[in-house]
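K.L.:
Give me coordinates for this.
(one chain, ligands or ions: 1)
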Amino acid sequence: MPEMETAVRPVPRARVQAMKEYHPPLGGRDSLRLDFNENTVACSPAVREVLGRISMGDLTRYPEREPIEAVVAAHLGLAAPQVALTNGVDEAIHVLFEAFLEAGDELLLPVPTYTMYEVYASATDARVIAVQAADDLQFPFETLLASITPRTKIIAIANPNSPSGTVATREQILELARRTPHALVLVDEAYFHFHGETVIDLVGTVPNLIVARTFSKAYGLAGLRVGVLAGPVEHMRWIRRVLSPYSVNSLALACLPAALADTAYLDWYVGEVLAARTEFEQALDAAGVRRWPSSANFVLVEIGAPHAEFVRRMHAAGVLVRDRSNDPGCDGRVRITIGTREQMQQAVVALNETMAALHDGQSHGGREVR
Ligand SMILES: Cc1ncc(COP(=O)(O)O)c(C=O)c1O
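P.N.:
Numbering: from 1, shown residues only. Modelled structure (predicted):
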């Protein structure tokens, strides 16, 4: 049915009207998925067993989050009131910003970084203060310190960061927290397992530190949508006021204890990715492709002007990678997720073919070769 035109219609808030559309390319992903930093294999088989035992009757009930929150809290060495489960880290970011950011507040955001911080911040009445990293994409610690004002309300740090793969040190995070007692420091450890360093042990000790973790990456549960937000009880109480008690679904809740318990699976997957990352980095070096050092399950590479053509050709060769050219300071750069060694060998074949084709294209007067 055609939509009706009316003279009077409800309009969204001005901030929402000013928001850019964000539509990640999630369609038609049948190839090797090296584009969203997911686990490229599977979750633990123990999770699969739990899913198989879920009955139709189980689905009729609203999910009960608290018992599983206690399990996750214990796993992280925290008390249950310090931990909230969320519908992915995305919801964690959303509720944190909604609970704390108001008109006049500033969100300090080192960029380039994960897109959703800006998306959720721009729906609030706060200002986003983007702090650009230098060309080496190292954590812009000094510039961040210099950008702190009395209006700074949240500093959002992805650690390791995406799409760069670079990290902030524990000392830098602590110093930022010390210098901003009037603000929260959010440390998003979505890629923690590939880095191995964390500040989650400081939750509750550092009064303005909030840490996020996800089950979407190393655990291989991106489709279930589960994240964790951890912080001092006082702040978590406010966050729970705006967090839906039902936003983590019952399938996800049922699976978490099994996912957490199967440390052998997690260790295998992380070990595989780290070995594959080393081999892939060597292949990039051999192909003369500039790359940034990564502490996560992806590598950012410099392709330059033919970045879109590179992504298209990699896709044609069966490998999905993600163009990050629109990220601040990332023109010509592409992010490649690291999977298993075998998958990355396939990626290297596609990469070498693609680079050769792009090179041929350039030596034939820069025409696009199809
Ligand atoms: C830094 C960072 N945080 C959070 C997320 C999203 O996590 P989730 O799937 O738990 O919403 C991503 C996903 O790419 C990410 O890169």
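
K.L.:
how about stretch 104-117: buried residues?
P.N.:
By 16 or more other Cβ atoms under 10 Å, the buried positions in stretch 104-117 come out as 105-117. Using the backbone N, CA and C atoms, a C-beta is placed for each residue, glycine as well.

K.L.:
Let me fix that, I meant to ask about stretch 27-35.
P.N.:
Ser31, Leu32, Arg33, Leu34, Asp35.

K.L.:
re the thing from before, which of the buried residues of stretch 104-117 sits closest to the ligand?
P.N.:
The shortest gap between the ligand and any of the buried residues of stretch 104-117 belongs to Tyr114, at 3.8 Å (Cβ to the nearest ligand atom).

K.L.:
wait, doesn't the closest one sit right on Ser162?
P.N.:
Yes. The criterion here is Cβ atoms under 8 Å, and Tyr114 meets it with Ser162 at 5.2 Å.

K.L.:
Common neighbours of those two, please.
P.N.:
Jointly contacting Tyr114 and Ser162 under the rule Cβ atoms under 8 Å, 6 or more residues apart in numbering are Ala190.

K.L.:
hang on, the earlier thing: quick one: the buried residues of stretch 104-117 as CSV, columns for distance to Glu342, secondary structure and pLDDT too.
P.N.:
Putting these into CSV (distance: Cβ to Cβ, whole Å; DSSP: H, G, I helix; E, B strand; the rest coil; pLDDT from 0 to 100) gives the following:
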residue, distance to Glu342, secondary structure, pLDDT
Asp105, 48, coil, 98
Glu106, 46, strand, 98
Leu107, 41, strand, 98
Leu108, 41, strand, 98
Leu109, 37, strand, 98
Pro110, 35, strand, 98
Val111, 34, strand, 98
Pro112, 30, coil, 98
Thr113, 31, coil, 98
Tyr114, 28, coil, 97
Thr115, 30, helix, 95
Met116, 31, helix, 96
Tyr117, 34, helix, 98
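
K.L.:
Out of those residues, just show me the ones up against the ligand, please.
P.N.:
Tyr114 (Cβ under 6 Å from any ligand atom).

K.L.:
what's the closest of the buried residues of stretch 104-117 to Tyr265?
P.N.:
Tyr265 lies nearest to Tyr114 out of the buried residues of stretch 104-117, by Cβ to Cβ, at 25.6 Å.

K.L.:
how close does the closest one get to Ala130?
P.N.:
Distance of Tyr114 to Ala130, computed by Cβ to Cβ, to the nearest Å: 13 Å.

K.L.:
Of the buried residues of stretch 27-35, just say which sits nearest to Glu64.
P.N.:
Lowest distance from Glu64 to those (Cβ to Cβ) belongs to Arg33, with 32.7 Å.

K.L.:
what sits against that closest one?
P.N.:
By Cβ under 8 Å, 6+ apart, Arg33 lies in contact with Thr40, Leu320, Thr337, Gly339.

K.L.:
Can I have the buried ones of the residues you listed as a ChimeraX selection?
P.N.:
A single ChimeraX command selects the buried members of the contacts of Arg33 (16+ other Cβ under 10 Å):
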select :40,320,337,339
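
K.L.:
which ones among the contacts of Arg33 are found in helices?
P.N.:
Using DSSP state H, no member of the contacts of Arg33 falls within helices.

K.L.:
what's the neighbour count on the closest residue to Pro63 other than its chain neighbours?
P.N.:
Residue nearest to Pro63 in three dimensions, not counting chain neighbours: Ser250, with 3.9 Å by Cβ to Cβ, 6 or more residues apart in numbering. When counting by other Cβ atoms under 10 Å, one arrives at 18 neighbours for Ser250.

K.L.:
how about the strands in the stretch 151-300 of the chain?
P.N.:
Residue ranges of the strands in the stretch 151-300 of the chain, as given by DSSP state E, counting those that start in this stretch, are 152-158, 184-188, 209-214, 227-230, 298-302.

K.L.:
Next, format these as TSV and append mean pLDDT.
P.N.:
Output for the strands of the stretch 151-300 of the chain, formatted as TSV (pLDDT from 0 to 100):
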stretch	mean pLDDT
strand 152-158	98
strand 184-188	98
strand 209-214	98
strand 227-230	98
strand 298-302	98
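
K.L.:
And those strands: which comes nearest Pro63?
P.N.:
Within these, the stretch nearest Pro63 is strand 227-230; the backing value is 14.8 Å (Cβ to Cβ).

K.L.:
strands paired with the closest one, and their directions?
P.N.:
strand 83-86 (antiparallel), strand 209-214 (antiparallel) (DSSP bridges).

K.L.:
Now Arg335. Its backbone dihedrals?
P.N.:
Per-residue torsions, Arg335: phi -100, psi 130 (degrees, to the nearest 10).

K.L.:
How many residues are close by whichever residue of the stretch 51-200 of the chain sits closest to the ligand?
P.N.:
Taking Cβ to the nearest ligand atom as the measure, the stretch 51-200 of the chain has Gly88 as its residue closest to the ligand, at 2.7 Å. Neighbourhood size, Gly88 [other Cβ under 10 Å]: 24.

K.L.:
Likewise for Asn249?
P.N.:
16.

K.L.:
Pro306 and Asp360 touch, don't they?
P.N.:
No. Pro306 is beyond contact range of Asp360, at 11.4 Å (criterion: Cβ under 8 Å).

K.L.:
who's more crowded, those two?
P.N.:
Remark: of Pro306 and Asp360, Pro306 carries more neighbours, 20 against 11, as counted by other Cβ under 10 Å.
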